[in-house]
Every structure is written in C-alpha cells, then in structure tokens.
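>>> kindly generate the corresponding structure for this input.
(chains A, B and C)
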Amino acid sequence: MFKRFLKKPIGYKLSTIWLVFVVFLAIFRDLLPGPEWDESTEALGVGPFSPGHFFGTTQDGFDVLAGIINGARLSVLVAVTSVLIGGGIGAFIGITCAYFRGKYDRVVNVAFNMMLSIPNLVLSLALISVLAATKDGVPASDARKVGVMILSLIIVIIPILGRIARSATLQWSTREFIIASKSMGTKDMTIITKHIVPNVAPAILAIGFFAVGVVIIVEGSLSILGIGIAGGASWGSMLAIGRSYLEFSPWETYFPVACIAFTVLSTNYFGDYVRAQLDKRESKI
Amino acid sequence: MSPVLKLTDLSVSFATPRGNLRAVREVNIELNAGESLGVVGESGSGKTVLSRATMGLLPRTATRTGTVEFQGDDISGYDAKQVRDLWGTGMAMIFQDPMTALNPVRRIGDQLTESLIVRQGMDKKAAREKALALLQRVRIPDPQAMMRKFPYQLSGGMRQRIMIAIAVSCNPTMLFADEPTTALDVTVQAQVLELLSELRKEFNMAMILVTHDLGVVAGHTDKIAVMYAGDVVEYAPTRELFANMKMPYTEALLKSIPRLETPTGTRLPVIEGRLPDPTKDEPGCPFANRCPYVTDKCRAEKPPLTDGGNGHYYRCWFPIGGGQ
Amino acid sequence: MDILRVLVQRLITIFLVVAAATFFLACLIRLLPGDPASIMVSNALPDQVTSIRKVSGLDKNVFGYWWQWFSNMLTGDFGYYYQAAGNNPVSVILKRSIPTSILMVVYVQIVALFVAIPLGLVSAYKEGSRFDRVLQSVLFVLSSIPSFALALVLSLFIAVRWPILPPLGYVTPGEDFLQHLKYMVLPVMSLAVGIIASYTRLLRADVIATLKEDYVMMAMSKGISNSRVLWKHVLRPSSTTLLTSAALNMGALIGGTIVIETLFQIPGLGYEIAFAIVTRQVIALQTLIAIVAFAYVLFNSTVDIVANIIDPRTRERRV
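Residues are numbered from 1 along each chain as shown, chains lettered A, B, ... in the order given. A predicted model of the protein is given here:
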C-alpha cells in the first residue's frame, strides 16, 4: 500500500499528508505538549519563531500554534460530521427519487432547486441566525452554536449532494443491466444497493470532497461575519479576531488562513482526483 | 519543367501509447502543374496522412521524414511561419466532411472573404466582390443571400461547394481534396467532381484527390497511387492502371465497388481480413494474409517497388498478368 | 408562438421558485424561539410590538404572514427595518445596495473574463506543454484559496503596508469615478482570482475539444496566423459553457460578496444581509434574501438566451 502511495502524483501525497496531519491534531490535541490554547501568557503579540511560541502569540497573549492545534478539532468535527450526515441524507434522497421517479422525484427536485437558489452562505447564515438566536438576552452557548452550525451545514449540503446523486442515478438507472435486473424481479432496494450505489458513489465522493472545502470556507466566513464560533476556538474564529490586528500582528491571521487554505486545497485536490479517475473510467466504457 | 510537387522517401509516424505508428512509409511521388493524382486506399491506409503530411498539417505527435519539394523548393525544413505562408495561396485543402469543416458559428461570407482579406490584402469591398464571383463560379444560386447564411442552413453539397470556393479563393498552385465526395449523395458527387476538374483546368492547379473509391478517381485523374498499410503499392497513369492492373489488392478494391449492371441481391465481394498492426514491423508483404494468391515467399519477404514500364510501378512478387 | 410560451414558462418558474424560497424563509422566521417582533427591536414598548406585529403581518399565521409580505413585495413595498426610533423602509437600503452589488459583480465578471479568456485559449493551444502544466497547477491552487483569505493578504500588503489603495470603504461612481475604482480594486481582485481559475479551466477544456474539429484545421489551412485562428475561429464555438457558467455565477457571486463586502465595508446587498442578520432584522433579511434568490434564478433562466446569441446553431433548434 505504501509503495502504491509513493507512485501517486505529488499533489496526492501532499494532500494526504496534510489531511492526516490535521486529523491527527484533532484527535490527539490533548496529548500534545505546549501551552494551553485558551490561557493567556505574558508575551503579547510576539512574532513567530520566538522561543516557546513557534507561531508567535496574539495581541491578547494567546499562543497561535496552540490555537491552530486546538482549532483543528472544531474544523474537522464540523466539516466531517456535516458532510457525512448531510451527504448521506442527500445521497439517499437523490438516489431514491431518481430511481423511483414520479411525484416524489418532482417534489424533491423542486425542493432542491429552491434550496440551491439561495447561495449556500446566505442559507447557512439565515439558518444559524434563526436557530442559534439570542434567547431573552442570553447568547447561545458555544456548544449550541457548534451544534446549530453543523445542523445548518447539513441542510446546506443535502441539496448539493442530493442533486449530484440524483443526476448520476438517472444516468445509470436506464442502463441495460439495471433494467435486466428489474425484469428478473429483483427487489428495488437490492438493485439500489447492489447496482446503483457502487456506480454513483465515485461521483458523490468527488462532490463530497468539494463539500468539505465549502464547509470550511463557510465556517470561516461565518466567523468573520461575527455569528460563528467565538473566542478563537476554531481557525475561522482565530482569523476573525486576528484581522483587527492585521497591521500589528499579521501572523495571528495568516496561520489560520494558511491552515484553511491548505485544507480546502487538499480536499479540492481529492475531489478533482476522484473526478479525473471517474472520467477515465467513463471514457473506457 | 520541374514538377510542382515532388515527394522523396516521405514517411510519417505517430508516437502512440502502443508504440510508434508508421502511417506512411517512404513514398515517392511527382506531380506536374495542372496534373491530378488520385490516392486510393481503404481507411487506415495512410492516404489522408499522406496529403496532410505533404501540406505540413500534422499534429505534434507526428514525425515526418524524407523531403517535400514544392515548386522546386525543398519545404520539408520550413518553419511553421514559412509553411503557413504557403497554405491557402500555394497549397489549399478541401476537407472530407463539409458538415464539420465549416465553422458553425460564422457566416459563409466571413469564412469566404477571410483568406482574401488576410492573405491577399484585399479591402472588404473587393473581397466581397471576389467572393460573390467565386460563389457564382461554383454554381451557387443567389450568392448575395448565401453570404449571410450559416453552415447549418445548407445542404452537404452546398457546403462542399463553399469549401471548394474557399480553397480556390487565393488561386493555389496545388489543391488537396481529401475524400471530397464521400459525405455526399451520389448525384451530387458527380457534380462536385466535375466542378473540381473544371476548376483544376481553369486555374492550372495540380491536384491530389484522396479517396477510397477507385470509381471516383477513374474519370478525374491523370495518375493513381494505390496505398496499402502506409505503402504505395501501385503507382501508374490512370489509363495504364485500369488497362493493366498489377496488384491483387487494387483488383480487390475494384471488385468491391458496386456497379449498376450487377443484379440486385448480389453480394458484393469484400476484402477479407484486416490491415496489419501499423505499430509492428512484420516481415513479408503486408497484404499477404488477405491476398488470394499468397505464397510462402510473400509471407517471408516484403516485395520492393518494381518498375513495370510505361510509368507503372507495383509492389508485388507475383503481379497479375506476370512481371515485365 | 413557441418563444412566447418558453418565456411565459420561464417567468412562472422564476415566480414559483422565489415564492417557495421565501415561504421557506418565512417558516424559519416563525420557528424563531420567541416573538420576532420583540427580537427585532430591543426594549420595545408593548404597544410598539403590537403595531410591528400588525404592520408586518406577524400576527397572522405563517401563510398569511408570508402572503402579506410577498404580495407587498410585488407591489413595490419591501417592508421595514423596525427600530425603537421608528420604521425605516427597506427600499431606501435597496436603492443604494443593489447598484453597488451589481457594479461589483459586473467588475468581477469583466476582470475574470478578461484574464481567463486569453489564458484559457493559450493553455489549451499549448496543451501538455510546460506552460500549460504550470498554469494548471497555479490555477488549481488559486481556485482553492477562499476569497476572504485573499482579501486579508491583499489588504495587508497593498493597502496597509504599502498604501497605494484604500483599505476599506466605498465611494459611488457618481461622486468620484476614479476614487470609486480605487475602492473597488481590492474587493474585486479578491473575488475574481478564484473565478479566473475556474473560468480558465472551463474554457481550456472546451477549446481543447474545439481544436480537434475539422473546421479549425480548415481555418489553419487558409494560412492565417495561429492567433487569428484561435480568436476568430476557436473562441466563439468554445465559449458556450464558459458564458453559461458566468451567467450562473452572477447570482452566486452576490452571495459570495457577503464576506468581501463586510471585510471591505462596502454597502452592497451582501453587507446589508450580514447587517440584517446581526441586528436580527428578520423582515428586511427576508426581502434581501428574496432579491438575491430572484437574481440567481433570473440569471439561471437567461443563460439559454446568452447561449443562443453565441451559437447560432441553437437558434435553429429552438424554432
């Protein structure tokens, strides 16, 4: 397996290494040495590569490296859960409605188009502002905000992946082997799991990778707009704070920006890669 | 008088993932002004590549060796710019499929006047006048209206006439016609071929007519080169070729043309078997495994191009009617 | 009249999608924990809350509320910002923010197409060359960088460290056109870079396909220059996909401007949406989102017409 990995293109290697690294940080955050991310130190706005603070500190004295390590957890949590759940639901709806057609398909199609007619950032903004609303003057807790953010991103992702799953299934469900299988009296669910899912999975996977990028960008955007996760607990949140001090300590913005950009780059790379593989396969058929 | 076109040992090969594909192998051809040559062969024989290689219209994966002399100049070493200057004015080409060879989004008038304006430096008005005259010359009814039309509004025959008009617009010395009638109806085919012959005489152009149909070249060419698997296997004046056919392959080609006098329901003879793999160099005559007269010698050794007199050349150990 | 029928069908679709999207929003608003009327205005007096509920239709059920708002929109009444000091009509904000956003989006499109078209043509022409490979990698990286990341980097280096351009703010073209352009450079660049990348890739793919067409070889055989072949013969038949997605992008871009407009403090639709969310002006928010959705669907539907102009072949098919 390792030998096969070495044969892959350089972008594949870099993307894999980066994503594995981020997931590693997210899982083993608490076991890593270094200062706590939420404990202020004496050093205010120290530049990168200074002793004890490899990425420097923020104007408020928080260690940037510790913040990055900590932020990985929320970013991974939000991105992975929302894409897995939203993608799962979307794929299920998309595949079934394209397979069964009829009224169900028409309703779903209109619903998807309606949701896709609102730009994804606007939709998640609206959802979060409603769901994580201030209740009787008390702002929602961070845990609730994270939950709400994941929920609203799930809703954003359902139509994106749903539509891809639908069109991919439409393409496949008219092929001879499906019709043959149907005519032999195979159960619909068996046909879907045995024949449709394996064939549409790569297309969904490719868009799923892109969706991870979308989620990470939306998370950052929400923080900039002031309704995301607060207090520097995520990468987006770090840069939302840091951008006020851009002139004095740009590193507290640039490290989280770089992390966001690398992560989006890596997932987009895999999306592209899967799609290219898919095209290659299609052209062989 | 030196020939307009002289090909010496012209070879073309393509780099493909499966290996080096030798599409044209050491072809020698001479053509004088006003003369026309038919290049005949089935698909994959290298006839289209030969004409494109002569013009220099090859993709980047292709390698061309040998020399191409045009009007006495060796143009095989020309750079892209020098070759381009020859195109349109020195050599022009008519493409196989008039449905795909005209730009679908530009008006006929624009496509027709383009060479006149860009290559001959005419102003718009003069180019338009010339274009109208050309359309009239290729017998297009209502040239004025035609100038404003898009290709999709025209029939195949009309489009082919347009293409011919574009090709001859800058009075080229040499015209390549690549299967100019294959995509057309039989009645239209005859008209287009007749038009090409007229124009050739009128402009004293040399012409290479590429086709898979021996019937097409019979009445419209002075010489014929039959190609098989990249080789010229028979090369003779048209009259001589039909009177004194030497190659079993040419004979087979001729037999596979439908004739009016054959009773309906008769099965046309087909040439059994397929072309050899062009990426491999196997010994023996490339036609051996399809030839009705094959012997052990044919399988073992490739026949050289033999001079049979009367300007008749062939590549066969056992030519029909015996050797010289 | 087939064209008329198509047009009517399109209009009905647009109407339905916008109606459905706004009804969805109306449902969301009614899901708000607590009373939307009192959320909009903090420390409002009871009779003020009652009057807001009455004016906005919040006293009716979801459908009645939505219908009042929707029918008002159709007659040009876009609702109000409800504040303790009084109600401000949303239309005042719209008059300023719609032109601002449209200008910005148009600039982004112009810049993106201006750069992407030559890049796409050349890289397709030189497919597989070193130039092409390097460009593809660079474009891939650029397309993955979030626009806000670019905005932050650009504003530090070009506006703060090396102050040749204003870091934030906005001037309308009517006030001072040159200043207006200066304020637009950074936001437009931040948004355009990613789009340039995707446009170039789209055009490149189509040009590569077009270059294999017979009519391109035919054009080359006329002996005209390569650049003339590319610009006159290849570009137009290859640009349908590009212009289609450019048109589709118009609506999406308005959504994309939210963060950029906030970062650069440009009073466009995106900025107003963010502002309405933060200040919980749900009625205004609903109107603003409806307008973005409308723009999106509208551009979606006009794509065919654009494609029509570029490629006359589709004209024939339609009639």
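>>> only C-alpha atoms for contact and neighbour calcs from this point on.
Noted.
>>> please state the offset of the helix or strand harbouring residue B:119 from the chain centre?
Using DSSP states H and E, residue B:119 sits in helix B:108-120. Mean C-alpha position of helix B:108-120 versus that of the full chain (CA atoms, centre = their mean, to the nearest Å) differs by 24 Å.
>>> surely residue B:138 and residue B:159 touch.
No: counting by CA atoms under 8 Å, residue B:138 stays clear of residue B:159, with 10.9 Å between them.
>>> quick one: is the helix holding residue B:119 near chain C?
Yes: Helix B:108-120 reaches chain C (CA under 8 Å from any CA of the partner chain) through B:115, B:118-119.
>>> out of the residues you listed, which is most surrounded?
residue B:115 (24 neighbours; other CA atoms under 10 Å in any protein chain shown).
>>> what's the closest non-adjacent residue to that one?
residue C:222 (6.2 Å; CA to CA, 6 or more residues apart in numbering or on different chains).
>>> residue A:112 too?
residue A:159 (5.0 Å).
>>> buried sites along the helix holding residue B:119?
B:108-119 (16 or more other CA atoms under 10 Å in any protein chain shown).
>>> ok, now stretch B:76-84?
Using 16+ other CA under 10 Å as the test for burial, stretch B:76-84 gives B:76, B:83-84.
>>> residues in contact with stretch B:183-190: which ones?
Residues outside stretch B:183-190 that contact it (CA atoms under 8 Å, 6 or more residues apart in numbering or on different chains): B:96-98, B:156-157, B:181-182.
>>> cool, and stretch B:65-78?
B:2-12, B:26, B:54, B:83.
>>> now do 10 Å
Contact partners of stretch B:65-78, identified using CA atoms under 10 Å, 6 or more residues apart in numbering or on different chains, comprise B:1-13, B:24-33, B:53-56, B:64, B:82-84, B:86, B:90-91, B:173-174.
>>> which bits of the stretch 151-285 of chain A sit near chain C?
A:210, A:213-214, A:216-218, A:220-227, A:239, A:243, A:246-247, A:250, A:253-254, A:256-258, A:260-269, A:272 (CA under 10 Å from any CA of the partner chain).
>>> circling back: any part of the next helix or strand after the helix holding residue B:119 near chain C?
As assigned by DSSP H and E, the chain's next helix or strand after helix B:108-120 is helix B:124-137. No: Helix B:124-137 stays clear of chain C (CA under 10 Å from any CA), getting no nearer than 14.8 Å.
>>> what are the ranges of the strands in chain B?
Under the criterion DSSP state E, strands of chain B are mapped to B:5-16, B:19-31, B:36-40, B:62-70, B:73-74, B:91-94, B:174-178, B:206-211, B:223-228, B:231-237, B:306-307, B:313-314.
>>> now distance to residue C:230, mean neighbour count and mean pLDDT too, for those strands, in a markdown table please.
Listed next are those as a markdown table, based on distance: least, CA to CA, whole Å; neighbours: other CA atoms under 10 Å in any protein chain shown; pLDDT from 0 to 100:
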| stretch | distance to residue C:230 | mean neighbour count | mean pLDDT |
| --- | --- | --- | --- |
| strand B:5-16 | 25 | 19 | 88 |
| strand B:19-31 | 28 | 19 | 87 |
| strand B:36-40 | 32 | 28 | 92 |
| strand B:62-70 | 22 | 18 | 89 |
| strand B:73-74 | 29 | 13 | 88 |
| strand B:91-94 | 19 | 27 | 90 |
| strand B:174-178 | 24 | 26 | 90 |
| strand B:206-211 | 28 | 26 | 91 |
| strand B:223-228 | 34 | 26 | 91 |
| strand B:231-237 | 35 | 25 | 90 |
| strand B:306-307 | 46 | 16 | 87 |
| strand B:313-314 | 44 | 22 | 90 |
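>>> in JSON lines, list those strands along with distance to residue A:19.
Shown next, in JSON lines, are the strands of chain B (distance: least, CA to CA, whole Å):
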{"stretch": "strand B:5-16", "distance to residue A:19": "37"}
{"stretch": "strand B:19-31", "distance to residue A:19": "39"}
{"stretch": "strand B:36-40", "distance to residue A:19": "60"}
{"stretch": "strand B:62-70", "distance to residue A:19": "43"}
{"stretch": "strand B:73-74", "distance to residue A:19": "59"}
{"stretch": "strand B:91-94", "distance to residue A:19": "55"}
{"stretch": "strand B:174-178", "distance to residue A:19": "55"}
{"stretch": "strand B:206-211", "distance to residue A:19": "58"}
{"stretch": "strand B:223-228", "distance to residue A:19": "57"}
{"stretch": "strand B:231-237", "distance to residue A:19": "57"}
{"stretch": "strand B:306-307", "distance to residue A:19": "69"}
{"stretch": "strand B:313-314", "distance to residue A:19": "67"}
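>>> check contacts around the nearest residue to residue C:220 once chain neighbours are set aside.
Closest residue to residue C:220 apart from its sequence neighbours, by CA to CA, 6+ apart: residue C:229 at 6.6 Å. Residue C:229 is in contact with C:211, C:216-220, C:222-223, C:235, counting by CA under 10 Å, 6+ apart.
>>> which stretches of the chain have low pLDDT?
Because you didn't say which chain, this covers chain A. By pLDDT under 70, the weakly predicted segments of chain A are A:1, A:33-59, A:61, A:132-140, A:283-285.
>>> you answered for a different chain; I wanted chain C.
C:1-3, C:6, C:32-34, C:42-44, C:84-85, C:251-252, C:300, C:303-319.
>>> show me where the stretch 151-285 of chain A has helices.
Using DSSP state H, counting those that start in this stretch, the helices of the stretch 151-285 of chain A run over A:176-183, A:188-191, A:197-224, A:235-242, A:251-284.
>>> deepest of these, which one?
Greatest average neighbour count among those goes to helix A:235-242 (a mean of 26), per mean count of other CA atoms under 10 Å in any protein chain shown.
>>> sorry, back to before: pick the one among the residues of helix B:108-120 next to chain C closest to chain A.
Closest approach to chain A among these (CA to the nearest CA): residue B:115, at 37.9 Å.
>>> before we move on, the earlier item: how about the residue nearest to residue B:115, phi and psi?
Taking degrees, to the nearest 10, you get phi -80, psi -10 for the backbone angles of residue C:222.
>>> tell me the contacts of it?
B:84-93, B:114-116, B:118-119, B:166-167, B:169-170, C:229.
>>> residue of chain B nearest chain C, please.
Of all residues in chain B, the one sitting closest to chain C is residue B:101 (3.8 Å; CA to the nearest CA).
>>> need phi/psi at that residue.
Dihedral angles for residue B:101 - degrees, to the nearest 10 - are phi -90, psi 0.
>>> report the contact partners of it.
Applying CA under 10 Å, 6+ apart, the residues near residue B:101 are B:94-95, B:151, B:159-160, B:163, C:213-219.
>>> how about 6 Å then?
C:214-215 (CA atoms under 6 Å, 6 or more residues apart in numbering or on different chains).
>>> quick one, grab the pLDDT at it.
On pLDDT, residue B:101 comes in at 87.
>>> one step back: ok, the contacts of stretch B:183-190 vs chain A, which is closest?
residue B:97 (24.9 Å).
>>> now the angle from the biggest helix by length in chain A to helix A:251-284?
Under DSSP state H, the helix in chain A containing the largest number of residues is helix A:64-100. Per axes from the mean of the first three to the mean of the last three CA atoms, to 10 degrees, the angle that helix A:64-100 makes with helix A:251-284 is 30 degrees.
>>> rewinding a little: now do the residue of chain B closest to chain C against chain A, distance only.
25 Å (CA to the nearest CA, to the nearest Å).
>>> next, format the buried residues of helix B:108-120 as TSV and append pLDDT.
Shown next, in TSV, are those (pLDDT from 0 to 100):
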residue	pLDDT
B:108	91
B:109	91
B:110	90
B:111	90
B:112	90
B:113	91
B:114	90
B:115	88
B:116	89
B:117	90
B:118	88
B:119	87
